[in-house]
Structure formats: structure tokens, C-alpha cells
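# sequence-free structure coming up:
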């Protein structure tokens, strides 16, 4: 049997239990938000590395070395 949040009558709980339940709810929110942030950071790092790898073929070539010499000037 699945119980939805709307079906729970939290007013039946003592104040201390409701406070504890609210703290646990906040803990779960924070935990899952942190997971999303970490996943986004890992995703961003992956794409950055992939872009760098593919662009190295374009940026690092002998034909462009003359421009590097000009910049050293």
C-alpha cells in the first residue's frame, strides 16, 4: 500500500516528532541537491576535457607555430 504525503495527518504527531520529521526532510533535500550539483560538475568536467582534447588537434599544429613566434616577439 502506498501512502501519499497528502494522506498523512502530521498533526497526529507530537511537536517534537514533527520537528524531527522536518529536519529529516531538509536533510534529504540537501543530500539530493548535492548529488545534482556533483553530477553537473562531473558532466561539465567531462565535456571540458572532451573539448580540449578535440581542439588540441586544431590548436597544436606546426603551421600555427609561426604565430606563436610572433606572440613571443
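Thanks, I have it. Keep in mind that what you see is a predicted model, and the values were worked out from it rather than measured.
# Could you use CA atoms for every contact and neighbour count after this?
Will do.
# can you pull the pLDDT of the residue minimising distance to the centre of the chain?
Nearest to the geometric centre of the chain sits residue 37, at 2.2 Å (Cα atoms, centre = their mean). Looking at residue 37, its pLDDT stands at 85.
# And for residue 1?
According to the model, residue 1 scores 64 on pLDDT.
# and if you look at the one 4 residues further on?
As summarised for this prediction, residue 5 has a pLDDT of 76.
# Can you get me a residue count around it?
Residue 5 has 8 neighbours, counted by other Cα atoms under 10 Å.
# now residue 45, what's its secondary structure?
Classification of residue 45 using DSSP: H, G, I helix; E, B strand; the rest coil returns helix.
# how close does it get to residue 52?
From residue 45 across to residue 52, the span is 11 Å (Cα to Cα, to the nearest Å).
# follow-up on the earlier one: now do the SS call for the residue nearest to the centre of the chain.
Classified using three-state DSSP, residue 37 is helix.
# can you start the count at 67 instead of 1 from here on
Renumbered: residue one is now 67, and that last one reads residue 103.
# Which residue ranges of this structure form helices?
81-125, 131-138 (DSSP state H).
# got the ones you listed as a markdown table, with distance to residue 72 columns?
Shown next, in a markdown table, are the helices of the chain (distance: least, Cα to Cα, whole Å):
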| stretch | distance to residue 72 |
| --- | --- |
| helix 81-125 | 15 |
| helix 131-138 | 66 |
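# Tell me which of these is the most buried.
Compared across those, helix 81-125 shows the largest average neighbour count, a mean of 12 (mean count of other Cα atoms under 10 Å).
# Compute the inter-axis angle for that one and helix 131-138.
Using axes from the mean of the first three to the mean of the last three Cα atoms, to 10 degrees, one finds that helix 81-125 and helix 131-138 are set 110 degrees apart in direction.
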